[in-house]
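# A structural model of the following input is requested.
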Amino acid sequence: MHKNDNLKAEILRISGVNPKKCMKCGKCSATCPAFDEMEYHPHQFVSMIENGDIEPLLNSESLYRCLSCFACIERCPRSVEPAKLIEAVRLSVIRKQGANRLSADDIPTMIDEDTPQQAIVSAFRKYSK
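As a prediction, the model looks like this:
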């Protein structure tokens with residue numbers, strides 16, 4: 001097994017998504033509110049993961065542009081769930097030692113008393129490993 005095959009298997013396991021269900025209609029990307037900010041759009045994530053072309057995704061700013069709003073999931077006629085794939089790729093990058101986007105020490109400077117506690121806990125869960 002190649003490194004990308006192992007990474008693809010990990011991403012598919014984390015996300016629970018079957019990218020082979022995608023019929024490449026693009027409805028997920030058409031409904032994405034972050035479309036203009038993303039280098040790779042939701043339908044491209046699905047296609048690239050299915051084809052094992054994961055390296056460009058690992059270094060893409062699109063991972064951090066996804067709003068995790070799940071509009072793409074709601075719009076998909078085949079229930080492919082692109083946002084879950086994007087989240088799984090993001091988690092794979094974050095879990096690499098030393099590749100965290102944020103450290104736990106960065107978070108207190110970004111919050112105030114109006115920040116929901118759930119957002120703080122989620123940030124610690126996502127960005128510390």
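
# check contacts around the most centrally placed residue in the chain.
Nearest to the mean C-alpha position of the chain, counting by CA atoms, centre = their mean, stands Ile86 at 2.1 Å. Each residue near Ile86 by CB atoms under 8 Å, 6 or more residues apart in numbering is listed here: 42, 45, 62-63, 66, 68. Just so you know, the C-beta spots here come from the backbone N, C-alpha and C atoms, and that holds for glycine as well.

# What subset of the residues you listed is buried?
The neighbour-count criterion (16 or more other CB atoms under 10 Å) marks 42, 45, 62-63, 66 among the contacts of Ile86 as buried.

# Any buried residues in stretch 4-19, and which?
Those buried within stretch 4-19 under the rule 16+ other CB under 10 Å are 7-8, 10-12, 14-15, 17, 19.

# all strands for the protein, in order.
Assigned by DSSP state E, the strands in the chain number zero.

# Farthest from the middle of it: give me that residue.
Residue of the chain lying farthest from the centroid, by CA atoms, centre = their mean: Glu113 (28.0 Å).

# For stretch 80-98, the averaged confidence score.
For stretch 80-98, mean pLDDT rounds to 86.
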